[in-house]
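>>> What follows is a predicted structure for the sequence shown.
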Amino acid sequence: MSRRFLFAEQKVPRYTSYPTAPHFQAKVGPTIYSDWLSQIPADATLSLYVHVPFCTSLCIYCGCHTQVARRKDPLREYVSLLGRELELVMQRTSVRKIARIHWGGGTPSAIGGAAALAEIMEQLARLADVTAVREHAIELDPRHVRPELVHTLAALGINRVSLGVQTFAAHVQAAMGRVQPFATVRRAIDRLRQADIDNFNFDLMYGLPRQTTTDLRETIDLAVGLSPQRLALFGYAHVPWFRPRQRLINEADLPGVTERFDQMNTARQHLYRHGFEPIGLDHFALPSDELAVAAREHRLHRNFQGYTDDGSAVLIGLGSSSIGRVPQGFVQNAADVVEYTRRITSNQLATVRGIALTDDDRARGKVIEELMCYLRTNLPPSSNLLDAPAQETLAALQHEGLVHHDGRLIIVPETARPLVRLVAAAFDAYLPNNAARHSAAV
């Protein structure tokens with residue numbers, strides 16, 4: 001086996017933050033978060049992430065924090081909890097101007113449909129200034145895009161939709177537990193466009209059970225035919241010890257590391273042929289898309305929603321398991337809905353862990369984000385980040401052609417783009433103590 005494949009099997013973070021979530025600490029709780037919120041300047045702008053941990057049904061491949069609510073009462077209660085949490089947060093900060101809103105999950109519309117989303121937005125409009133929201137995005141399950149939901153989304157100002165496509169191959173859909181014909185996705189897109197919502201992201205996956213490179217090419221052709229501006233390409237992570245539902249997937253149907261690598265490369269090259277530009281590790285955009293423009297203008301960032309041109313220093317996370325960021329550090333809410341409920345109904349912030357950023361964290365985080373966004377970084381002359389462990393890692397990667405390291409200039413060649421996480425990991429001071437909790441590089 002090629003050493004490149006061995007590198008591809010190494011477990012490293014996805015670096016949607018630094019430090020990464022496994023290193024968050026319980027000592028950062030509601031009191032510290034409340035203090036951090038109070039220190040944010042009033043003229044700052046914030047972005048808002050709303051997490052809905054419910055779906056109408058569970059897909060066995062999914063690794064997200066989500067559950068099926070079979071009764072309406074828990075959903076109605078969760079809507080009230082989000083409203084109360086929003087009040088608790090806004091009581092602790094003088095910032096009122098919201099620049100971006102992102103609904104994720106789970107399936108946000110599963111919270112109670114159009115009426116529930118409208119109720120939360122009405123409360124948000126009472127507590128904050130939403131008149132300057134630049135991007136209002138939501139993740140949707142194409143199987144549940146009803147006309148009444150689309151009408152409400154348009155009325156709420158939703159202007160970007162992310163659809164979980166994954167694959168159009170019927171035999172792969174059956175093996176992964178999510179049957180979703182092409183006609184279903186096309187109907188969802190048609191309904192959204194009729195409401196003048198025409199900015200779309202599609203999530204695609206490789207490494208799925210029974211999937212082949214031919215399946216990937218055909219899926220990409222069909223997806224591109226629906227005219228999305230952005231696509232994300234993720235490798236399926238099989239973690240049945242973490243998500244027991246994945247035990248229903250036959251491991252014998254999963255591709256090995258060599259086949260996964262071939263699938264990933266095949267998909268990337270096919271997207272290039274369709275005119276999509278690579279954005280960082282796993283996103284692709286048409287040249288005219290705002291994300292591609294931000295990449296060319298060096299305004300690209302990476303957060304828990306992936307790649308973005310959102311430059312706000314404040315990201316408020318609402319809902320169970322949601323992660324937020326303020327200038328002082330990261331915070332995360334209770335992942336368990338019962339614990340989240342207990343805290344909010346007790347008029348507490350739901351923060352259960354987080355991390356206060358040190359100067360070293362900020363310096364390493366900047367380098368890691370630049371590598372993840374632009375495949376290159378230039379370490380400042382006074383930096384001590386190029387320590388002995390980093391040099392040793394970079395030397396090994398350079399020997400395999402995965403990085404060019406010349407003094408403080410570090411460049412990941414285009415051919416090694418899918419393995420950029422390995423280069424970023426060279427600057428991760430926390431990783432040696434926790435590598436096993438992350439996914440393979442490819």
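Structure received. Numbering: from 1, shown residues only.

>>> residue nearest the centroid of this structure?
Q305 (3.0 Å; CA atoms, centre = their mean).

>>> Can you tell me which helices and strands the helix or strand harbouring F202 packs against?
Assigned by DSSP states H and E, F202 falls within strand 200-206. Applying 3 or more CB pairs under 8 Å, 6 or more residues apart in numbering; DSSP states H and E, one finds that strand 200-206 makes contact with strand 160-166, helix 213-224, strand 230-235, helix 257-273. Placement of C-beta: from N, CA and C, glycine included.

>>> How much space separates the spatially closest residue to G105 that is not a sequence neighbour from D289?
Distance criterion CB to CB, 6 or more residues apart in numbering; nearest residue to G105, sequence neighbours excluded, is V52 at 4.1 Å. Distance, V52 to D289, by CB to CB, to the nearest Å: 26 Å.

>>> go on, F242?
33 Å.

>>> Who has more neighbours out of the two?
Neighbour count, other CB atoms under 10 Å: between F242 and D289, D289 has more, with 20 against 10.

>>> from memory that one sits against R230, does it?
Yes - using CB atoms under 8 Å, D289 is in contact with R230, at 6.0 Å.

>>> before we move on, the earlier item: state the mean pLDDT of the strand holding F202.
Averaged over strand 200-206, pLDDT sits at 97.

>>> Which helix in the protein has the most residues?
When the chain is parsed with DSSP state H, its longest helix is helix 72-91.

>>> Mind listing what's buried along that helix?
The neighbour-count check on helix 72-91 (16 or more other CB atoms under 10 Å) flags L75, Y78, V79, L81, L82, G83, E85, L86, L88, V89, M90 as buried.

>>> show me where the protein has helices.
Using DSSP H, helices in the chain cover 3-8, 30-38, 72-91, 113-127, 147-155, 170-176, 182-194, 213-224, 257-273, 290-296, 337-345, 359-374, 388-399, 420-425.

>>> Point out where this protein drops to low pLDDT.
Low-confidence segments of the chain, defined by pLDDT under 70: 1-9, 433-442.

>>> How many residues are close by the closest residue to E277 other than its chain neighbours?
Using CB to CB, 6+ apart and skipping the chain neighbours, the partner closest in space to E277 is A292 (5.0 Å). Look at A292: counted by other CB under 10 Å, it has 22 neighbours.

>>> now A292: how far from C59?
For A292 relative to C59 (CB to CB), the value is 30 Å.

>>> for stretch 13-24, how far is the first residue from the last?
Start-to-end span of stretch 13-24 (CA to CA, to the nearest Å) is 14 Å.

>>> ditto for stretch 291-306
OK, stretch 291-306 end separation, CA to CA: 11 Å.

>>> which ones are touching Y33?
Under the criterion of CB atoms under 8 Å, 6 or more residues apart in numbering, the contact list for Y33 reads V326, V331, L349, T351, G354.

>>> My guess is the fourth one contacts Q25. True?
If I follow you right, that is T351. No - using CB under 8 Å, T351 is not in contact with Q25, being 11.4 Å away.

>>> so what's in contact with those two at the same time?
In contact with both T351 and Q25: no residue, using CB under 8 Å, 6+ apart.

>>> which of the two has more neighbours?
T351 (22 against 12).

>>> What distance do you get for that one to L222?
Taken as CB to CB, the span from T351 to L222 is 42 Å.

>>> Centre of the chain to the strand holding F202, how far?
Put simply, strand 200-206 sits 12 Å off its chain's centre (CA atoms, centre = their mean, to the nearest Å).

>>> Taking strand 160-166 as reference, get the angle to it.
Here strand 200-206 points in a direction 20 degrees away from that of strand 160-166 (axes from the mean of the first three to the mean of the last three CA atoms, to 10 degrees).

>>> What strands line up against strand 200-206, and which way round?
strand 160-166 (parallel), strand 230-235 (parallel) (DSSP bridges).

>>> Tell me which residues of it come out buried.
Quick answer for strand 200-206 (16+ other CB under 10 Å): F200, N201, F202, D203, L204, M205, Y206.

>>> which non-adjacent residue is nearest the last one?
Yep, that's Y206 we're talking about. Q263 (4.0 Å).

>>> same thing with A26?
Per CB to CB, 6+ apart, closest to A26 is R353, 5.0 Å.

>>> so what's that neighbour bridging to?
Those that pair with R353 in a beta bridge, by DSSP bridges, are Q332.

>>> Enumerate every residue touching it.
Residues in contact with R353 (CB under 8 Å, 6+ apart) are F24, Q25, A26, V28, G29, V331, Q332.

>>> can you tell me how far it sits from K27?
From R353 to K27 the distance is 8 Å (CB to CB).

>>> In this structure R247 contacts P240, no?
Yes - at 4.5 Å, R247 and P240 qualify as touching, with contact defined as CB under 8 Å.

>>> just to revisit the earlier point, correct me, but the residue nearest to the centre of the chain touches L48?
No - with contact defined as CB under 8 Å, Q305 does not count as touching L48 (11.4 Å).

>>> Next up, the contacts around Q211.
Neighbours of Q211 in contact, by CB under 8 Å, 6+ apart: T167, A169, V172, P255, Q263.
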